[in-house]
Structure formats: C-alpha cells, structure tokens
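Asks: this is the structure alone, sequence omitted:
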C-alpha cells in the first residue's frame, strides 16, 4: 500500500511498500519517492541541494590532499562520475549516491538544520496537549532513533518515511496557527475601524 504525503516546503513523499524489505538501503530506495524538493530532505538551511552537497563533499580532490586512500579515492571518483551523469532533480538516483557515499566514504551527509527540524517535529512533548497516545508512542520511538549517535542521512530519510502521521499532525497544527493569526489580525483591524 502506498500513501502520499506533502511535507514542509511543498514536498511530496510516497510511503509504503507491498514487498518485504531486505536491507536498509533497499528500504530507503523503495519507500522514498520524491516528486518535488523539500527542506526536510532535498535542501539544507542555506539552499544547498543534496546533489550539490554530494558534489562538494565527494569530489575526488578531497581524498587526494590529506590521508591518501586508494579505495576511498576510487569510490569518490565513481560517485562524482555518477553525479555528473544524472539529473540533479532525480531524487532516487541522488539517494542511491548518498547511500554509496555514506557506506563507502564514511561521511555523514545529514545537515544540522534538517536534523533539528525533524527533532523538533518528533519531540514527544508536542503530542501531550491534547493528549494523543498513538502519536506519543510513535514520536517516542522515532525520537529515540533520531537521537542515536550513528544517525546518517539514510537513516534520517527512513525516519521521515516512518513519521508520516506525525508530519501530517504538524502540518495541521501549522495551518491552524496561521488561521488563528489571520483571525487575530482581522479582529484587530475591525476594532481599529470602529475606534475612530
């Protein structure tokens, strides 16, 4: 069963899979299908896309200057060549290269801004008022995964897929807060009109 979801920043994500998953790499590749870029996955705080981040961090010159390692240089060269041959908006291909970079080069591509944004959304205290037991259970599980010291971008992307119900709740709360702000401003304007 596939479920569609629009995340923060106008980004759509298809979640779900009818076949059993065998490895984390296959899980992320199968479950993560992105149609538009997102702030949670595609872009960091400064607008750098994952494609550009891979280009910057996996450039072969980074593995020649200090601590030369033939194997890492070969992997970096393969990843960089792959980057040059794909479209930057082809998120599944970019994600495959992310997985290769994290596994082969042992670099973490997770952006701090993305991490803290998801950490804020998954914090169990957000689901205490009003009390929502299923959301607290899910947020507690995902929050603990997010807090693991070995978190990388691949695991982060999997957590986003698992967090679909919480992301919907957060979006609904944001819409409600915007409506309340608009109503408050319109109320003030109305009061100013009658005070003259």
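Replies: Looks like it arrived, so ask away. In this text, all values refer to a predicted model and were calculated from it rather than measured experimentally. Residues are numbered from 1 along each chain as shown.
Asks: counting contacts, what elements does the lengthiest helix in the chain pack onto?
Replies: Across the chain, the longest stretch assigned as helix under DSSP state H is helix 164-195. Applying 3 or more Cβ pairs under 8 Å, 6 or more residues apart in numbering; DSSP states H and E, one finds that helix 164-195 makes contact with strand 3-7, helix 112-122, helix 133-146. Placement of C-beta: from N, CA and C, glycine included.
Asks: by mean pLDDT, show me the worst of the ones you listed.
Replies: Lowest mean pLDDT within the helices and strands packed on helix 164-195: strand 3-7, at a mean of 38.
Asks: rewinding a little: what about the longest helix of the chain, average pLDDT?
Replies: Helix 164-195 comes out at a mean pLDDT of 78.
Asks: for it, list every residue counted as buried.
Replies: Neighbour counts over helix 164-195 (16 or more other Cβ atoms under 10 Å) mark 164, 166-167, 169-170 as buried.
Asks: still on that earlier bit, just so I know, which of the helices and strands packed on helix 164-195 lies nearest residue 63?
Replies: helix 112-122 (23.2 Å; Cβ to Cβ).
Asks: packing partners of that closest one?
Replies: The contact analysis (3+ Cβ pairs under 8 Å, 6+ apart) places helix 112-122 against helix 133-146, helix 153-162, helix 164-195.
Asks: and the shortest one, which residues are buried?
Replies: Think helix 153-162. Buried residues in helix 153-162 (16+ other Cβ under 10 Å): 153-161.
Asks: just the first one next, same as before
Replies: Of the residues in helix 133-146, those scored as buried under the neighbour-count criterion (16+ other Cβ under 10 Å) are 135-136, 138-139, 142-143, 145-146.
Asks: ok, now stretch 68-82?
Replies: Buried residues in stretch 68-82 (16+ other Cβ under 10 Å): 72-73, 75-76, 79-80, 82.
Asks: distance to residue 179 for these - can I get that in TSV?
Replies: Converted to TSV, the buried residues of stretch 68-82 look like this (distance: Cβ to Cβ, whole Å):
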residue	distance to residue 179
72	52
73	54
75	50
76	49
79	45
80	47
82	45
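Asks: could you dump the residues you listed into CSV and include distance to residue 180, secondary structure and pLDDT?
Replies: Below are the buried residues of stretch 68-82 laid out as CSV (distance: Cβ to Cβ, whole Å; DSSP: H, G, I helix; E, B strand; the rest coil; pLDDT from 0 to 100):
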residue, distance to residue 180, secondary structure, pLDDT
72, 52, helix, 93
73, 55, helix, 94
75, 51, helix, 96
76, 50, helix, 95
79, 47, helix, 96
80, 48, helix, 96
82, 47, helix, 96
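Asks: quick one: which of those residues is nearest to residue 54?
Replies: Nearest member of the buried residues of stretch 68-82 to residue 54, counting by Cβ to Cβ, is residue 79, at 6.8 Å.
Asks: what's the closest non-adjacent residue to that closest one?
Replies: residue 58 (4.6 Å; Cβ to Cβ, 6 or more residues apart in numbering).
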